[in-house]
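Engineer: requesting a structural model of the entry that follows:
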Amino acid sequence: MQVIVVGGGWAGCASAYAAKKAGADVILLEKTDMLLGTGLVGGIMCNNGRFTALEEARALGGADFVSLIESVFRHRYVNFPGHMHAMLYDVTKIEPVVRNFLSRCGITIKLQTRMTDVFASDGYIRGIVTANDEILRGDVFVDTTGSAGPAKNCTRFGSGCAMCILRCPSFGPRVSLTARAGLPEIRAGESFAQFEAMSGSCKLDKGSLDANLVRKLERDGVLVISLPPSMYKDELLSSKACQQYALTEYARNLVILDTGHAKLMTPFFPLEKLRTLEGFANARYADPYSGGRGNSVRFMAMCQCNDALQVEGVKNLFCAGEKTGPLVGHTEAIVTGFIAGHNAVRLLAGLDPLVIPNELATGDIIAYMHREIREPAGLSNKYTFSGSIYFERMQEKGLYSTATAEIYERVRKAGLYLVFDKELVLFKK
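Structural biologist: Purely as a prediction, here's the structure:
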């Protein structure tokens, strides 16, 4: 029985892994020439409540997958403004590690394969068509096509194509599996409150920075450099997709993290101003190339799905990552990916879909987000384990913990220990 995952970001890779572990044959499609999408320029894990969520994912059965990230970490237990005990992975090394692992698992990876159409009947998706007219038939599908792009949205809501890691001009625009199936989506600018936002950081080429700055950055993992008042950028905070970093410290300082590149925690910063600062006279953006003017625009289209991440309106479609709603971050993409991939195979096995209970942060964030976005005010917020309104909720509910044994015990009490690590019995229809 075959599961087809469309979109090769963190959510798609986690979905493919979980579906394969559960016993299905899996095809993973990615329109560009590399996996991981924004994970190629992100690099932050384990900050604040993401520590808890990643340990939940490990206890639920995702340990092999989590260990891939840990194998290329640059720094652990880094503290920076508003965030504690972060792990920074090397964005220059992570992609081949994940790609080779998924291949060894037996997952068929089809790069430079852009889905263009869907064919369905009797309430089921039967297959998809790719840009080179290939027809791929499957039994269950997972939409992890993300919420950024195409380039026209960066023009409409931003400052034009930012030439970011998604590379729409080279590999074609994002195509939503859900939309192509004729299902309604929650779309920015269509009778909804404004919820689109710019990606929250830029990457500077280390080779363009003063060598002393680079040494400090690579030693400590973080640099915090005060800005003169004339360069304060408070007005940028509200435009960030990553609202966990929408703090005054990020408007009045340069906060830089070492993820292989020098990760500048702002949606954009004018290059002519940046180069007036000591140590930045020759600074150059690595991603996006127009990082001095703008960044990619995200949260343009999200699915209408339930807490099992099953998309409403068709019987064999699940979603993960930013397609599930305004969730922000790699960890959030990974845990939803595990759930969607696992539930795809549960459907094939004739089992009820798994809804992670609210006693775990993973289940609580999904249920809380889906409840909140029914109202316009809730839709304009962003939800993440690492900050803003959901991390506050984690702390209030006692879900935030850095005690691994405690987190594992919660998973055991929920009866879900290693649930993603078990092969399900598949019955052919």
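Engineer: can you give me the helices for the stretch 301-429 of the chain?
Structural biologist: Using DSSP state H, counting those that start in this stretch, the helices found in the stretch 301-429 of the chain span residues 330-348, 361-372, 376-379, 388-396, 404-413.
Engineer: quick one, which of those gets closest to Pro184.
Structural biologist: Smallest distance to Pro184 across the helices of the stretch 301-429 of the chain (CB to CB): 14.6 Å, for helix 376-379. C-beta: built from backbone N, CA, C; applies to glycine.
Engineer: average pLDDT for the closest one?
Structural biologist: Mean pLDDT, computed over helix 376-379, is 84.
Engineer: quick one: list the elements packing against it.
Structural biologist: Packing partners of helix 376-379 (3 or more CB pairs under 8 Å, 6 or more residues apart in numbering; DSSP states H and E): helix 361-372.
Engineer: which residue ranges of the stretch 151-300 of the chain form strands?
Structural biologist: 185-187, 197-198, 202-204, 222-226, 253-258, 262-264, 285-287, 297-298 (DSSP state E, counting those that start in this stretch).
Engineer: care to break this structure down by domain?
Structural biologist: What the record gives for the chain is the domain set 2-196+298-420, 197-287, from automatic domain parsing.
Engineer: okay, these in JSON lines with distance to Leu426 next?
Structural biologist: Output for the domains of the chain, formatted as JSON lines (distance: least, CB to CB, whole Å):
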{"stretch": "domain 2-196+298-420", "distance to Leu426": "5"}
{"stretch": "domain 197-287", "distance to Leu426": "38"}
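Engineer: which ones are touching Leu88?
Structural biologist: Applying CB atoms under 8 Å, 6 or more residues apart in numbering to Leu88 gives the contacts Gly43, Ile44, Met45, Phe73, Arg74, His75, Arg76, Val78, Gly221, Leu257, Asp258, Thr259.
Engineer: what's the helix or strand for it?
Structural biologist: Applying DSSP states H and E as the criterion places Leu88 in strand 83-89.
Engineer: for that strand, buried residues please.
Structural biologist: Of all the residues in strand 83-89, those buried under the rule 16 or more other CB atoms under 10 Å are His83, Ala86, Met87, Leu88, Tyr89.
Engineer: cool, stretch 151-158 as well?
Structural biologist: Applying 16+ other CB under 10 Å to stretch 151-158 flags Ala151, Asn153, Cys154, Phe157, Gly158 as buried.
Engineer: what is the rounded mean pLDDT of stretch 6-20?
Structural biologist: In this model, stretch 6-20 has an average pLDDT of 98.
Engineer: can you pull out the low-pLDDT segments for this protein?
Structural biologist: Regions of the chain meeting the criterion pLDDT under 70 cover residues 189-194, 237-244, 427-429.
Engineer: was I right to think Val140 contacts Ala344?
Structural biologist: Yes: Val140 is within contact range of Ala344, at 4.1 Å (criterion: CB atoms under 8 Å).
Engineer: looking at these two, which is more packed in?
Structural biologist: Per other CB atoms under 10 Å, whichever of Val140 and Ala344 has more neighbours is Ala344, with 34 against 25.
Engineer: for that one, what are its contacts?
Structural biologist: Ala344 is in contact with Val3, Ser15, Ala19, Ala22, Ala24, Val140, Phe141, Val142, Asn316, Phe318, counting by CB under 8 Å, 6+ apart.
Engineer: how close does the closest residue to the last one other than its chain neighbours get to Gly12?
Structural biologist: Nearest in space to Phe318, with sequence neighbours left out and distances taken as CB to CB, 6 or more residues apart in numbering, is Ala340 at 4.1 Å. Taking CB to CB, to the nearest Å as the measure, Ala340 falls 9 Å from Gly12.
Engineer: have a look at these two and say which one is more surrounded.
Structural biologist: Ala340 (34 against 30).
Engineer: would you confirm that the more buried one contacts Ala320?
Structural biologist: Yes: Ala340 lies in contact with Ala320 (CB under 8 Å); the separation is 4.0 Å.
Engineer: residue contacts, Glu30?
Structural biologist: Going by CB under 8 Å, 6+ apart, Glu30 touches Gly7, Gly8, Gly12, Ile109, Lys110, Leu111, Gln112, Thr113.
Engineer: want to throw these into JSON lines with distance to Pro270?
Structural biologist: Formatted as JSON lines, the contacts of Glu30 follow (distance: CB to CB, whole Å):
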{"residue": "Gly7", "distance to Pro270": "33"}
{"residue": "Gly8", "distance to Pro270": "33"}
{"residue": "Gly12", "distance to Pro270": "34"}
{"residue": "Ile109", "distance to Pro270": "39"}
{"residue": "Lys110", "distance to Pro270": "40"}
{"residue": "Leu111", "distance to Pro270": "35"}
{"residue": "Gln112", "distance to Pro270": "34"}
{"residue": "Thr113", "distance to Pro270": "38"}
